[in-house]
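> Sequence first, predicted coordinates after that:
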Amino acid sequence: MEKMTMKTTTLFILGVALFIFGAWIIGLGIIGKSPVTVILGACIFAFSFLPLFTSGTVEIEDAGVSVTTLLGRHFLRWEEAKTLLAGNGNVLIGAADGRRLVVPAPSYWKGPKRNEAMKQFFLKLQERELAMKPDWRASFLFSKGTRVR
């Protein structure tokens, strides 16, 4: 199988929009001297970093799956996958030794071979006999112990 590369630009655009909107709300709160508005804007502003830090490039290949984000490149071999959790916008693949790879949900993938990449991604996970379980942690955790240079 050839390496398939998918971009997640939708997540990046969402993060930038939340970043700008949060900063604007903070500004309105400061001008209007409203602490509630400032706190609301700060929450939106802080939340904007989740999609910004999880957007990037997903690569599916025979050896494993890699994700390149603002936080670096992370890679996990298919053989190491032991758990599979799904959250709002992310899929978390866990290894037996506590390492994890957070992959943006396939619904965010963009590219000419998107459908083929999605099929390969789920086929490789099915070969490992992993069932996807819904879990809120997949939405808020970052990759751990899978960083490569």
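Good, I have the coordinates. Only a predicted model underlies this, so the values are computations on that prediction, with no experimental measurement involved. Residues are numbered from 1 along each chain as shown.

> and the helix or strand of the chain with the lowest mean pLDDT, which residues are buried?
Lowest mean confidence among the helices and strands of the chain (mean pLDDT, DSSP states H and E): helix 137-140, at a mean of 82. Buried residues in helix 137-140, counted by 16 or more other C-beta atoms under 10 Å: Ala138, Ser139. (C-beta placed from N, C-alpha, C; glycine too.)

> distance between that helix and the chain's centre?
9 Å (C-alpha atoms, centre = their mean, to the nearest Å).

> Return the backbone torsion pair for the nearest residue to Glu61 once chain neighbours are set aside.
In space, Glu61 comes closest to Lys3 once its chain neighbours are excluded; the distance is 4.3 Å by C-beta to C-beta, 6 or more residues apart in numbering. Backbone geometry at Lys3, expressed as degrees, to the nearest 10, gives phi -70, psi 130.

> measure the nearest residue to Ser34 once chain neighbours are set aside to Gly41 for me?
Using C-beta to C-beta, 6+ apart and skipping residues adjacent in sequence, the residue nearest Ser34 is Leu28, 7.7 Å away. Applying C-beta to C-beta, to the nearest Å, the value for Leu28 to Gly41 is 7 Å.

> More neighbours: which of those two?
In this view Leu28 and Gly41 are compared by other C-beta atoms under 10 Å, and Gly41 has more residues nearby, 21 against 14.

> residues in contact with the more buried one?
Contacts for Gly41 were tallied using C-beta atoms under 8 Å, 6 or more residues apart in numbering; they are Gly22, Ala23, Trp24, Ile25, Ile26, Gly27, Leu28, Gly29.
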